[in-house]
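**Q** Quick one, what's the 3D model for this:
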Amino acid sequence: MNTTIVGRHVTIDENTRKFIEETAKSFGKFHLDIISISAIVSKEEAHKRSEISFEFVLNIANLDTIVVKQKDQSLHKAVETASQRVTKILRRHHDKIKSHDATKLTKVFDDKETKELENKDKQD
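**A** Below is the predicted model:
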């Protein structure tokens, strides 16, 4: 998993960089094939107020790109909120994949019938 952290109009100190990297590593627990994660921090000034805009861009194999943007006054709050939103998306996708991999009822009946036929052949 390739992680990129970019600051636009903002300097990112080492502690913040480590915090974002640890947050990005936590996405690996869903065992999805995450190709790359980009974290973009930018400072926006609107109506004489400055806000921090944080964005996660995840490239996942066999799935489209996931983009989550979050604005807040504090960078850490924005990262935590965006992380919660990404976790929710990844959890839902993981559950969807796992529920589709469940054994289908028709397969259970097919296996049962083949076992019964094999038992009959052995008895004959």
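
**Q** Thought Thr23 was touching Ser83, still the case?
**A** Yes. In this structure, Ser83 sits in contact with Thr23. The criterion is CB atoms under 8 Å, and the distance is 4.8 Å. From N, CA and C alone the C-beta is placed, and that goes for glycine too.

**Q** In contact with the residue nearest to the spatial centre of the chain, which residues?
**A** Nearest to the mean C-alpha position of the chain, by CA atoms, centre = their mean, lies Leu90 at 3.8 Å. Contacts for Leu90 were tallied using CB atoms under 8 Å, 6 or more residues apart in numbering; they are Phe27, Phe30, Leu32, Ile66.

**Q** In which helix or strand does it reside?
**A** Secondary structure assignment for Leu90, by DSSP states H and E: helix 75-100.

**Q** starting at the chain centroid, how far to that helix?
**A** Centroid separation between helix 75-100 and its chain, computed with CA atoms, centre = their mean, to the nearest Å, is 5 Å.
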